[in-house]
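Peer 1: Requesting a structural model of the entry that follows:
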Amino acid sequence: MRDDYQQLVDEITAALGAPATLENRDFALIAFGAHDSDDAGEPALDPVRTRSILQRRSTAAVRAWFEAFGIARAQAPLRIPPDPAAGVFMGRICLPVRHRGVVHGYVWLLDDGHLSDLELGGPTGAPDPRLARAMETAARIGALLAAEARAGEELGELLHDLITGPPAGRDAARAGLRAALRGAADGPLTLVAVVPWTPGTDEDADPGLPHLPGIAAACVLPDDGAADAGLAALIRLRAATALDPARATAEQLLRSPRATAGGTAPGGRPRTAAGVSGPRRGLDDLPAAWREALAAARAARADARLGPVAEWSAIGPYRLLAALPWAEPDPAVRPLLERSHAELARTAETFLDCAGQAGRTAQRLGIHRQTLYYRLSRIKQLTGLDLDAGEDRLLLHMALKAARLGPPPGSATSSAVKAVR
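Peer 2: Below you'll find the model as predicted:
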């Protein structure tokens, strides 16, 4: 189907003599036409188009800038002027790609000046015949994208039922997904979780499912039964030992507008993160793979050193902690988790991460050893735990990691777990 998109984009490029670029409604690149420059002194591309082609997606800032012109509501071509301050050195004509009233993407025509006289049409006149033909082609693209979206939704429903549905319905979902995926169903496969993920709404008729080449199926799931929603993406792997395709797809998904934007949360933790499960052969173990992927995503949100994409195999103690039901902090550790003792909590966690080696701990924290010893004595006073005793160390270390991980999003959160996070 990707070849079909490329052929249609090439048709528009040839008809209008301007390089066309096709992006879906989330500004992910689908196809683009060639752009030649007659003048060796003139740049062939402006930075926005270059970035879109090289990174396969426009940035959130670029998306917001273009959407400010009303492209998501447009029924006809729109002319967008250049804006060097935004990195847009050439004007554009946007052809909205719609099917049955729903926008599925955009065709962008790069205008270096030779399209300035092109009549777009409107209430007082008809569009240039070439542009009318281009819109007909855009409508064909819209039909293809709509069909692809419907197929993706059906696969997503099967994946959803297989991962979280009642046991009685999982066999039917597994059989349907296996039939749809054919040979790819035998693996190797892995699941990626992106948390949180903003699903589509009834108003925009958009389920918010991504369309990336490596994704075999995708659906939106509740995050451990909580208020936040997470994306589950089933990824085809080239080999069971190579998770690189899953990591690359996860990184692309994190750049999607559907992934919650906003940089990092307090403490340097990512607001949105992705987790990658261990590889699987076939579809039988996908419910367990989802739990792994979700645990890895939660760990990546909890600990910036793991994120923004974490693999299940690399999250250490969070593999155990994420599988346990949430419990209030141990009474001995609770005083250390108050906000007023945040520095002591960080010191204790770093000390235990460094296997109790004072020199390494002081170096990592950037403090003098005597300062470290003073803090360790304060930790002992607050908790009553002996940091020379293995069991007390284990209790404190796991309690601090559990507090960092926190309860599943959306559940009741004790104020006593905020300091370490």
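Peer 1: which element follows the helix or strand of the chain with the lowest mean pLDDT toward the C-terminus?
Peer 2: Lowest on mean pLDDT, DSSP states H and E among the helices and strands of the chain sits helix 47-55, with a mean of 60. Heading C-terminal from helix 47-55, the first helix or strand you meet, by DSSP states H and E, is helix 60-67.
Peer 1: Check which helices and strands that following helix sits against.
Peer 2: Under the contact definition 3 or more C-beta pairs under 8 Å, 6 or more residues apart in numbering; DSSP states H and E, helix 60-67 sits against helix 47-55. Any C-beta I mention is one placed from the backbone N, CA and C, and that applies to glycine too.
Peer 1: Now with 10 Å, please.
Peer 2: helix 47-55, strand 78-80, strand 102-111 (3 or more C-beta pairs under 10 Å, 6 or more residues apart in numbering; DSSP states H and E).
Peer 1: gap between the helix or strand following the second one and the chain center?
Peer 2: Remark: after strand 78-80, the chain's next helix or strand is strand 91-99, criterion DSSP H and E. In this view, strand 91-99 has its centroid 25 Å away from the chain centroid, taken as C-alpha atoms, centre = their mean, to the nearest Å.
Peer 1: which neighbours does strand 91-99 have in its sheet, and in what orientation?
Peer 2: If you go by DSSP bridges, strand 91-99 pairs up with strand 78-80 (antiparallel), strand 102-111 (antiparallel).
Peer 1: Please identify the deepest-packed of those.
Peer 2: Neighbour counts (mean count of other C-beta atoms under 10 Å) averaged over each of the strands paired with strand 91-99 peak at strand 102-111, with a mean of 23.
Peer 1: mean confidence for that strand?
Peer 2: In this model, strand 102-111 has a mean pLDDT of 89.
Peer 1: rewinding a little: and of the strands paired with strand 91-99, who's closest to E148?
Peer 2: strand 102-111 (8.7 Å; C-beta to C-beta).
Peer 1: tell me the angle of the helix or strand following that closest one relative to strand 91-99?
Peer 2: Following strand 102-111 in sequence order, the next helix or strand is helix 129-164 (DSSP H and E). With axes from the mean of the first three to the mean of the last three C-alpha atoms, to 10 degrees applied, the angle from helix 129-164 to strand 91-99 works out at 60 degrees.
Peer 1: just checking, next helix/strand downstream of helix 129-164?
Peer 2: Scanning forward in sequence from helix 129-164 by DSSP H and E, the next helix or strand is helix 167-181.
Peer 1: ok now the helix or strand just after that next one, how far from the chain's centre?
Peer 2: In the C-terminal direction, the helix or strand that comes right after helix 167-181 (DSSP H and E) is strand 189-195. Counting by C-alpha atoms, centre = their mean, strand 189-195 is centred 10 Å from the centre of its parent chain.
Peer 1: Give me the angle between strand 189-195 and helix 167-181.
Peer 2: Counting by the same axes, to 10 degrees, strand 189-195 lies at 110 degrees to helix 167-181.
Peer 1: Go through stretch 158-177 and flag the buried ones.
Peer 2: Residues 158-165, 170, 173-174, 176-177 are the ones in stretch 158-177 that count as buried (16 or more other C-beta atoms under 10 Å).
Peer 1: Reformat these as CSV; add pLDDT and distance to A302.
Peer 2: As requested, the buried residues of stretch 158-177 are exported to CSV (pLDDT from 0 to 100; distance: C-beta to C-beta, whole Å):
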residue, pLDDT, distance to A302
L158, 93, 31
L159, 94, 26
H160, 93, 26
D161, 93, 29
L162, 94, 28
I163, 93, 23
T164, 88, 23
G165, 85, 28
R170, 90, 30
A173, 93, 31
R174, 93, 32
G176, 93, 35
L177, 93, 31
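Peer 1: Out of the residues you listed, flag the one nearest to R364.
Peer 2: Nearest to R364 among the buried residues of stretch 158-177 is I163, at 39.2 Å by C-beta to C-beta.
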